[in-house]
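Chemist: Here is a sequence together with a model predicted from it:
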Amino acid sequence: MNHSKADVVVIGAGPGGLGVALDLRRNAPQLRIVVIEKKDIGGDNVSSGAVASKSLLHLAKKYHGGDRSLASDKILAAVRAKVDEFQAELDELELQRLGIDVMKGDPVFVGRRKIIINDEQIKFKYAVIASGSKPKTLPVRGLDNDQVITVKEFFNLKKVPKKLLIVGAGRTGVELGVAVSMLGGHVTIINEHEVLLPYLNKEVRLRLEDSLRGLGIKIYHDARLSRVHDGLAHVEHAGSASKCGFDKLMFAVGREPNYPDELKKAHVKVRNEGIPTNLKHQTSNRHVFAIGDVASLSHFTHIANSDARDVVEFIIDRRSRFIHKPKPLVPALLFTDPEVATVGLSYKEATQAYRKRSVRKIVMPYWNNHRAKIEENGDGILTVVVKRNSGRILGAQLAGAHAAELLTPFCIAMQKGLSLPELGSVLLPYPTYSELIYDATDKFFN
Ligand SMILES: Cc1cc2nc3c(=O)[nH]c(=O)nc-3n(C[C@H](O)[C@H](O)[C@H](O)COP(=O)(O)OP(=O)(O)OC[C@H]3O[C@@H](n4cnc5c(N)ncnc54)[C@H](O)[C@@H]3O)c2cc1C
C-alpha cells in the first residue's frame with residue numbers, strides 16, 4: 001500500500017466536485033488536490049442529468065417543429081454525441097494537465113482524515129463528498145425487469161420507446177415525457193398528486209397542462225401503479241382503475257444519495273435524505289464537507305455549483321462570511337414547450353406563510369406584450385406573488401416563451417430585496433418580453 005498526503009480530496013467529479021477542484025486550483029495553486037471518480041468525469045449532470053436531458057429536449061423540439069434533418073431514431077445517439085463532446089472538453093487528461101490528480105475507483109474511508117483508493121492510502125486535510133444521487137425505483141408486482149428503465153438507462157436506449165409509461169410526474173417525468181411524445185412516442189404519466197406539479201400557480205399549471213394535452217400525453221392524477229399483469233399496467237386513480245399498455249416503464253420517482261463506503265469510519269453521519277451539514281457544508285466531521293445532490297433535497301446543478309463556491313471560499317479563507325450569508329433562493333426550470341420557470345413562493349405557499357389578505361397574486365398574460373405579439377407567442381403567462389402593501393416580491397412563475405430568461409430579473413430582485421415597483425422602475429429596451437415587468441407593476445398600482 002502506498003501512502004500519500006493531500007490538502008483536499010474530492011469524491012465525485014460532477015458539477016459539485018469539479019467546481020471545488022477547479023476553483024481551488026485557480027485560487028490556491030500550492031494545494032495538492034485529488035479527485036476520485038468512480039465513473040464519468042462530468043457526473044450524472046452530463047451523462048443523464050441536465051446536459052443530456054436538455055440536449056434531448058432541444059432536438060425533440062426541433063423535430064416536433066418539422067426539422068427532419070435528424071430521424072427520430074437517431075436522436076438518442078445524437079444526445080450521446082453531445083454528452084461525449086462535454087465529457088471530452090474536461091477529461092481526466094485535461095484535469096491532470098491543470099495539476100489536479102485524478103484517481104478512478106471506489107474510495108473507502110478508513111479514519112477521520114484517511115481514505116483508501118485502489119492501493120493508496122491518502123491522509124487529507126479536507127475531504128469534499130460530492131458523490132451525487134441515483135434514481136429511486138419502486139417494487140411493482142408482476143413487473144418484468146427487462147421493461148423497466150431508470151432515467152439513467154433511458155439515455156442508453158438505442159431508440160426512443162414507442163409506448164412509454166412514466167411513474168412520477170415531477171420535473172424529470174414531465175420533461176422526458178414531453179421529449180418522447182415530441183418524437184412520436186405515446187406517453188402516459190402516473191401522478192401521485194391530485195394536480196400536476198402542486199407547487200405551480202394555477203394559471204401556470206393550466207398553461208402547461210394545455211401543452212401536454214396538445215402533445216397527447218395522458219396523465220393519471222391521484223394515481224398509483226398497483227401491478228402489471230399480461231403486459232398491462234394496472235393503474236388506480238382517483239377512485240377508478242385503468243389498464244395501460246407499454247413498451248418501457250420508467251421510474252421518475254425521485255433520487256437517493258450515493259454514499260461513499262465506510263462513512264462511519266470518518267465519523268460522518270447520514271440520514272435517509274442525504275448527509276446533513278451546517279451552513280459551511282461541514283458534516284459531523286468538520287474536516288469533511290458534503291455538497292450537491294448528496295447533501296441537498298434540492299437536486300439542481302446550480303445548487304451543486306453554489307455549494308462548491310462556498311466550500312472553496314471556506315478552505316481558502318476560513319474567516320469568511322458564512323454565518324451572515326442569506327439562504328439562496330432556488331430557481332427552477334422545466335424545459336417543456338412552453339418553458340416553465342419558478343422562483344420563491346407560489347400563491348398557495350405565500351398564503352400559508354403570511355396572512356392571506358396581505359398577499360396578492362398578479363397575473364399577466366403575454367398577449368399585450370409587443371415582442372410576444374410580433375413573435376406570435378402571446379399565449380404565455382407571468383404570475384408574480386407580492387406583499388399587498390409594499391410590493392415585496394415573494395415569488396414569480398412563468399409559462400411561456402423565454403420564461404427561463406425572464407425569470408432572471410425576478411431572481412435578482414428577490415435576492416436583493418427589491419419590490420415590484422422598484423424592479424419596474426428600471427429602464428428596459430423595447431420590444432422585449434421583460435416589459436411584462438412594467439405591465440405587472442401597473443397592475444400592482446391599479
Ligand atoms: C433527467 C434530469 C434532468 C436534470 N435537469 C436539470 C436542469 O435542467 N437543471 C439543473 O440545475 N439540474 C438538473 N438536474 C439535476 C442535476 O443533474 C444534479 O443536481 C447535479 O448533477 C448534481 O451534481 P452533483 O455534483 O451533486 O452530482 P452528480 O452530477 O451526480 O455527480 C456525482 C459524481 O460522483 C460519482 N460518484 C458517486 N459515488 C462515488 C463514489 N463512491 N466514489 C467516487 N465517485 C462517486 C458519480 O459517478 C458522479 O460522477 C437534472 C437531473 C436529471 C436526472
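Modeler: Received the coordinates, thanks.
Chemist: who touches Pro409 in this structure?
Modeler: 423, 426, 434, 437 (C-beta atoms under 8 Å, 6 or more residues apart in numbering). Quick note: C-beta positions are derived from backbone N, CA and C, even for glycine.
Chemist: Return the set of buried residues in the helix or strand encompassing the last one.
Modeler: What that stands for is Ile437. With elements taken from DSSP states H and E, the one containing Ile437 is helix 436-445. Of the residues in helix 436-445, those buried under the neighbour-count criterion (16 or more other C-beta atoms under 10 Å) are 436-441, 444.
Chemist: now stretch 397-416
Modeler: Within stretch 397-416, judged by 16+ other C-beta under 10 Å, the buried ones are 397-404, 406-407, 409-411, 413-414.
Chemist: burial count for the residue nearest to Gly344 when sequence neighbours are not counted?
Modeler: In this structure, Gly344 finds its nearest non-sequential neighbour in Gly395, 3.2 Å apart by C-beta to C-beta, 6 or more residues apart in numbering. The local packing of Gly395 (other C-beta atoms under 10 Å) involves 23 other residues.
Chemist: Parallel or antiparallel, list what pairs with the host helix or strand of Gly395.
Modeler: Counting by DSSP H and E, the element that carries Gly395 is strand 393-400. Taking DSSP bridges as the criterion, strand 393-400 sits next to strand 339-344 (antiparallel), strand 381-387 (antiparallel) in its sheet.
Chemist: how far away is the nearest residue to Leu70 once chain neighbours are set aside from Glu153?
Modeler: Nearest non-adjacent residue to Leu70, counting by C-beta to C-beta, 6+ apart: Ala78, 5.9 Å away. Note on Ala78: its distance to Glu153, by C-beta to C-beta, to the nearest Å, is 18 Å.
Chemist: Phi and psi next, for Ile122.
Modeler: As for Ile122, its main-chain torsions (degrees, to the nearest 10) stand at phi -110, psi 130.
Chemist: Isn't it up against Val9?
Modeler: Yes. Using C-beta atoms under 8 Å, Ile122 makes contact with Val9 at a distance of 5.9 Å.
Chemist: In which helix or strand does the residue nearest to Leu70 reside?
Modeler: Following DSSP H and E, one finds Ala78 within helix 75-89.
Chemist: and the helix or strand just after that helix, which residues are buried?
Modeler: In the C-terminal direction, the helix or strand that comes right after helix 75-89 (DSSP H and E) is helix 92-97. The neighbour-count check on helix 92-97 (16+ other C-beta under 10 Å) flags 92, 95 as buried.
Chemist: do stretch 24-37 as well
Modeler: For stretch 24-37, burial by neighbour count (16+ other C-beta under 10 Å) applies to 24-25, 31-37.
Chemist: Identify all contacting residues around that stretch.
Modeler: Stretch 24-37 is touched from outside by 5-13, 17-18, 21, 95, 98-105, 107, 115, 117, 122, 124, 312, 315-316, with contacts defined as C-beta under 8 Å, 6+ apart.
Chemist: restrict those residues to those near the ligand?
Modeler: Intersecting the contacts of stretch 24-37 with the contacts of the ligand gives 11-13, 17, 107 (criterion: C-beta under 6 Å from any ligand atom).
Chemist: From these, pick the one nearest the ligand.
Modeler: Gly12 (2.7 Å; C-beta to the nearest ligand atom).
Chemist: What pLDDT is listed against that closest one?
Modeler: Predicted confidence (pLDDT) for Gly12: 98.
Chemist: Can you verify my assumption that it contacts Ser133?
Modeler: No. Contact status for Gly12 versus Ser133: not in contact, 10.3 Å apart, counting by C-beta under 8 Å.
Chemist: These two - which one has more neighbours?
Modeler: Each of Gly12 and Ser133 has its neighbours counted (other C-beta under 10 Å); Gly12 has more, 29 against 20.
Chemist: Now the more buried one: phi and psi?
Modeler: According to degrees, to the nearest 10, Gly12 has phi 110, psi 130.
Chemist: Can you give me every residue that contacts it?
Modeler: Counting by C-beta under 8 Å, 6+ apart, Gly12 has contacts 36-37, 43, 129-132, 258, 292, 294.
Chemist: Show me the two of these that sit farthest apart.
Modeler: Based on C-beta to C-beta, the longest span within the contacts of Gly12 runs between Ile36 and Gly292 and measures 14.8 Å.
Chemist: re the thing from before, please say which of Ile122 and Val9 ends up with more neighbours.
Modeler: When neighbours are counted by other C-beta under 10 Å, Val9 comes out ahead of the other of Ile122 and Val9, with 27 against 23.
Chemist: What strand or helix carries the more buried one?
Modeler: When elements are assigned from DSSP H and E, Val9 belongs to strand 2-11.
Chemist: Just give the strands next to that strand in its sheet, each with its orientation.
Modeler: The strands that strand 2-11 pairs with in its sheet are strand 33-37 (parallel), strand 120-129 (parallel) (by DSSP bridges).
Chemist: hmm, which of the contacts of stretch 24-37 are the buried ones?
Modeler: Burial by neighbour count, 16+ other C-beta under 10 Å: within those this picks out 6, 8-13, 17-18, 21, 95, 100-103, 107, 115, 117, 122, 124, 312, 315.
Chemist: still on that earlier bit, output those of the contacts of Gly12 also counted as contacts of the ligand.
Modeler: 36-37, 43, 130-132, 258, 292.
Chemist: what about the closest residue to the ligand within the stretch 51-200 of the chain, distance to Val235?
Modeler: For the stretch 51-200 of the chain, the residue closest to the ligand is Gly132, as judged by C-beta to the nearest ligand atom, at 2.2 Å. Gly132 is 31 Å from Val235, where distance means C-beta to C-beta.
Chemist: Neighbour count for the two, which is higher?
Modeler: Gly132 (26 against 20).
Chemist: ok, that one - contacts?
Modeler: Residues touching Gly132, when contacts are defined by C-beta under 8 Å, 6+ apart, comprise 12, 14, 16, 43-45, 257-258, 292-294.
Chemist: now, the most widely separated pair of the residues you listed?
Modeler: Counting by C-beta to C-beta, the most remote pair of these is Asn45 and Pro257, 15.2 Å apart.
Chemist: Neighbour count: these two, which is higher?
Modeler: Here Asn45 and Pro257 are compared on neighbour count by other C-beta under 10 Å; more neighbours surround Asn45, at 25 against 21.
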